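J.: Show me how the following folds:
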Amino acid sequence: MPFRARCNPANLLQRRHAVLALRKARTPLLSSAQLIQEPIRNDVMHHTRLSSTTSLLSPFTSFFSRARKSQTPEAAAEDFVNALETRSFEAMSKAYRTVVNDAIPSNLLSEEQLLSAMKALAESTTKTPKALRLLRRMYEDFPTRFGYPLRRDHGLVVLRGLVNCGMVREALEVALSMDQKDVDWRLMLRAAVDADIALSDIIIQRFRQTTPPNQEDYILLLRIIRSHPNQNKKRLEPLLAEMEQKGVTLDQNILAEVMQVHIACGELEKAKQIMEKWDFFTLEGVGPRMWDAQVQYYIAVHDLSKLQTAVLSMRDAGLTVQQNAILALALEQLNQFIDSKSKVLYSDVIAAIHAAEQMAGTEPGSKVWAEVIRHYLQNVRHREALEVAIRLYEECQGRGVTLDVELARTLIIPLCSSRKQIRLDDALRIYDQYMSLATSAELGSENTRLRFAEVYEKLLIACARTQPPPMASVIRLLDDMRTLSLDFTPSNLISLLVLLMRASPDHISAYNVYSHFHALNPNAIDHAGFSAILTTFLNLSWKHSPLTPPDLLISMMKDMDRAGYSPSPYILSSLLKQYGQFATRARRGNTAESEENIGGIAKAIRDVHTLVKLDPLISPDVPLLTALMDAYGRVGAFFEAFEVWDELVQRRAREPRETVQEVYGAAINVMLDTCGWSYSLGKARKSWGWARRWGLVWEKKQWDGWIECLCRCGEVEEAGHVVLEEMGSGAIPPPDKETVRLLYKFGRKQRERGRNVAGIDRLMVRVRERWPQWVEELSSERGLTRMSKGAQ
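T.: Residues are numbered from 1 along each chain as shown. Predicted coordinates for the structure are as follows:
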């Protein structure tokens, strides 16, 4: 049989795929933190379905159920080379995965072939996001999987690919891992122009250590100062002195950059002094950078007439007018409409943009459209303003304007502020359009991530305000945030999470929202944050989902424990109290449906009890066990309730003497109440005797509980004896009006049932003689009048 089993086609198939899975498991994987994955809509998950047959099926059926034979590594290597020639990066990536999973991939692709592929990928990173991902993986696999040494050319190729798509931070990480002499720091300097100032400082330092600057390098250094004027203002004069010392000619291009630095720093007079030395009338020796500097100056001083003249001159000279000039002209025309009209329409905004476009002879880009829409929404207040903004967005998209982060942000944030559902739909539509068009490089840039963080917050708040909330969109937004490594501040995270949990349609959706928020940054939630989240989750209740699922609550508590905070047993006590309250309300219904609900509550309580006994995370204390006993009692599970009481009895010796009396007060009351409802008089007497023996009976509420328990068990006369003879003697608290009310309430019920009528009447006479004022007040209350008359 063993031999026949091994030869069975189904078993052979299973063994073959097990070997393939093992080979794949040995392949080193890239860390997800190293790549910024592009959010993809309509993902198609590829699965291999393994259909196995048993010995009961025929060999014919088994033959057709076999999985398709996978591509051989040799064929994949050939496909890789062919894809490289045709620049088919999708096919190249697919073939590469097969090659790199081979035991010795260096036998399939040479070092030269891989370098050629990396160069082709580096040239295409701006066009194809997959090219960048494959380039970075090949660079990391080069020494680990192929065993080839990393050389200078390999690092430079990766640097070029990262710089081409604007990923300066990642490029700097690669550059710092290389020999500093091998890095093209001039390439890195070009990338530092629009980078974060901390990154540009490092790049400038390394550039100066390794590369003597030329004239074009000084222009780049001036642009870096201009990109961060507040931080770099003091660096201009030393840089100019250095250029003079080294004999660098201050030609018109350098002076144009210096002028723009002065404008950015607010030193308009110094900029004017440079500009006045240029001859813009004969146009002799005036280059594009000088025109741009002049236009920038007129924008800074708000001289629109001279700006128009300069723009017309640039257009006539065949130069491209910068977008800032088109924007200034469009806003000037739009402001005239706003000042002169009571209602500015869509056609007016289009006319303003068209007039600026005609004057400049250059099409307005996304920056112009974004700023015009923002200016319109800020200065025009009427109900149709958002509708006009949507039409302007659709117009610019119809013209082929690039949808960048600023344009998307300009529309999404005000749309989210509207209370109308259709506006949230518009905001989500624009968001989806942007995410589908943005490249991984754009999404990975620090500037984009910072600018788009507010968009996520506004979208999620708008989703939480909508009824019913679009939970699928919420989860999708949180997934995208995680992909982009975006996060909220701790205070914003908790408030937004609580808002979304309350807006969820059921407990599972609320937990799903929590789990996605937690995945963004588990360390962002502190002890107070976890407490607020757990409290919110406990208070959630819907008609179709009234009970808090214990497994989901425990999962949150485990996250809290992993974060270094000890979950309080009070959380589970509150959960059990909630179950008990639901059970009490369900019992009042007295229907088949209520009995079914009670059964569900009892199961949930037992699940919590199992977790309390088995989960090391939970350290049960007396209040938690008391809440558990009370919950069992309310669903009628008296046997389990008495088991919990036995555990409480055993714990007493381990409790601190100074607090044992206080913490056991509620437990004794719950036990007496459980005994009364289950008519377990014997257990009640035993428990009461135990509590008094150990000095745990100390407050009047406990004596009232004992009296009520006796009355429920039919011992009204004994209860009267306790009230008349025991209470008030020694250290025992005296009875009050509420104590007498208990005797009257249960005494009436006993008389109505015809049980020991004479004995109860004698008891009531004694009570009336002892406390005539209380009896008089109670006699006027409903249901006690007959009782009072019968006892006279």
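J.: can we go C-alpha only for contacts and neighbour counts from here?
T.: Fine.
J.: right, and the helix or strand after the strand or helix carrying residue 306?
T.: Residue 306 is located in helix 304-316, with elements delineated by DSSP states H and E. Counting by DSSP H and E, the next helix or strand C-terminal to helix 304-316 is helix 323-340.
J.: what separates the helix holding residue 306 from the chain centre, distance-wise?
T.: 49 Å (CA atoms, centre = their mean, to the nearest Å).
J.: just the angle between that helix and helix 323-340, please?
T.: 140 degrees (axes from the mean of the first three to the mean of the last three CA atoms, to 10 degrees).
J.: Check which residues of helix 304-316 are buried.
T.: Judged by neighbour count using 16 or more other CA atoms under 10 Å, the buried positions of helix 304-316 are 304, 307-308, 310-315.
J.: Output the contacting helices and strands for that helix.
T.: Other helices and strands packing on helix 304-316, by 3 or more CA pairs under 8 Å, 6 or more residues apart in numbering; DSSP states H and E, are helix 288-300, helix 323-340, helix 346-360.
J.: Next up, the contacts around the residue most central in space within the chain.
T.: In the chain, the residue lying closest to the centroid (CA atoms, centre = their mean) is residue 517, at 2.9 Å. Going by CA atoms under 8 Å, 6 or more residues apart in numbering, residue 517 touches 478, 493, 497.
J.: Dump stretch 374-381 to PDB, restricted to CA.
T.: What follows is stretch 374-381, C-alpha atoms only, in PDB (Å, rounded to 0.1, in the frame of the first residue of the first chain):
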ATOM      1  CA  ARG A 374      -8.800  78.100  -4.700                       C
ATOM      2  CA  HIS A 375      -9.000  81.900  -5.100                       C
ATOM      3  CA  TYR A 376     -12.600  81.600  -6.500                       C
ATOM      4  CA  LEU A 377     -13.800  79.400  -3.600                       C
ATOM      5  CA  GLN A 378     -12.100  81.700  -1.000                       C
ATOM      6  CA  ASN A 379     -13.600  85.000  -2.400                       C
ATOM      7  CA  VAL A 380     -16.900  83.900  -3.900                       C
ATOM      8  CA  ARG A 381     -19.700  83.000  -1.400                       C
END
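J.: Kindly confirm whether my reading is correct that residue 147 touches residue 106.
T.: Yes - using CA atoms under 8 Å, residue 147 is in contact with residue 106, at 7.2 Å.
J.: Quick check, residue 423 in contact with residue 415.
T.: Yes - Residue 423 is in contact with residue 415 according to CA under 8 Å; the separation is 5.4 Å.
J.: Out of the helices and strands packed on helix 304-316, which gets nearest to residue 560?
T.: Residue 560 lies closest, by CA to CA, to one member of the helices and strands packed on helix 304-316: helix 323-340, at 50.7 Å.
J.: Report the buried residues of that closest one.
T.: 323-335, 337-338.
J.: what's stretch 506-515 in contact with?
T.: Contacts for stretch 506-515 (CA under 8 Å, 6+ apart): 471, 474-475, 497, 500-502, 504, 537, 540-542, 544-545, 548-549, 552.
J.: Restrict these to the buried ones and give me that as a ChimeraX selection.
T.: Entered in ChimeraX, the line below selects the buried ones among these, by 16+ other CA under 10 Å:
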select :471,474,475,497,500,501,502,504,537,540,548,549,552
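J.: How far off centre is stretch 157-169?
T.: That offset, for stretch 157-169, works out to 29 Å (CA atoms, centre = their mean).
J.: Send me that stretch as PDB with only the CA atoms.
T.: What follows is stretch 157-169, C-alpha atoms only, in PDB (Å, rounded to 0.1, in the frame of the first residue of the first chain):
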ATOM      1  CA  VAL A 157      22.600  53.600 -12.700                       C
ATOM      2  CA  VAL A 158      20.300  53.300  -9.700                       C
ATOM      3  CA  LEU A 159      21.100  56.800  -8.700                       C
ATOM      4  CA  ARG A 160      20.100  58.100 -12.100                       C
ATOM      5  CA  GLY A 161      16.900  56.100 -12.000                       C
ATOM      6  CA  LEU A 162      15.900  57.400  -8.500                       C
ATOM      7  CA  VAL A 163      16.900  61.000  -9.400                       C
ATOM      8  CA  ASN A 164      14.900  60.900 -12.700                       C
ATOM      9  CA  CYS A 165      11.700  60.300 -10.800                       C
ATOM     10  CA  GLY A 166      12.500  62.700  -7.900                       C
ATOM     11  CA  MET A 167      13.200  60.200  -5.200                       C
ATOM     12  CA  VAL A 168      16.000  62.300  -3.700                       C
ATOM     13  CA  ARG A 169      15.900  60.700  -0.200                       C
END
